[in-house]
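# The amino acid sequence is not available; the structure is as follows:
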């Protein structure tokens, strides 16, 4: 798996975990109309993302760029 694929998969899993684990709204709309995580949800996402990456590092091999 490439590093980019690893990061994308970890973010996808962390996002799903966040939305499934918390009953409160994790989204807010900013001035330009984009929806982003609330500040609290972003903090939770970052913690979950770190956990997911730690788990995945034990399971997934990441391709080295010099191959």
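Structure received. What you see is a predicted model; the values in this text were computed from it and never measured. Residues are numbered from 1 along each chain as shown.

# going forward, measure contacts between C-alpha atoms and count neighbours the same way
OK.

# and the residue nearest the centre of the chain, which of the three is it?
Closest to where the C-alpha atoms of the chain average out (C-alpha atoms, centre = their mean) is residue 11, at 2.6 Å. Following DSSP: H, G, I helix; E, B strand; the rest coil, we place residue 11 in the helix state.

# Now the helix or strand hosting residue 54: average pLDDT?
Applying DSSP states H and E as the criterion places residue 54 in helix 39-57. For helix 39-57, mean pLDDT rounds to 96.

# Same question for stretch 1-8.
Here the average pLDDT along stretch 1-8 is 94.

# Name the residues that touch it?
Outside stretch 1-8, the residues that touch it by C-alpha atoms under 8 Å, 6 or more residues apart in numbering are 60-64.

# Pull out the buried residues from it.
Of the residues in stretch 1-8, those with enough neighbours to count as buried (16 or more other C-alpha atoms under 10 Å) are residue 6.

# distance between that stretch and the chain's centre?
Counting by C-alpha atoms, centre = their mean, to the nearest Å, stretch 1-8 is centred 12 Å from the centre of its parent chain.

# With stretch 49-67 instead?
With C-alpha atoms, centre = their mean as the basis, stretch 49-67 stands 14 Å off its chain's centre.

# quick one on the thing from earlier: by neighbour count, which of the contacts of stretch 1-8 wins?
With neighbours set by other C-alpha atoms under 10 Å, the maximum within the contacts of stretch 1-8 is found at residue 62, which has 14 neighbours.
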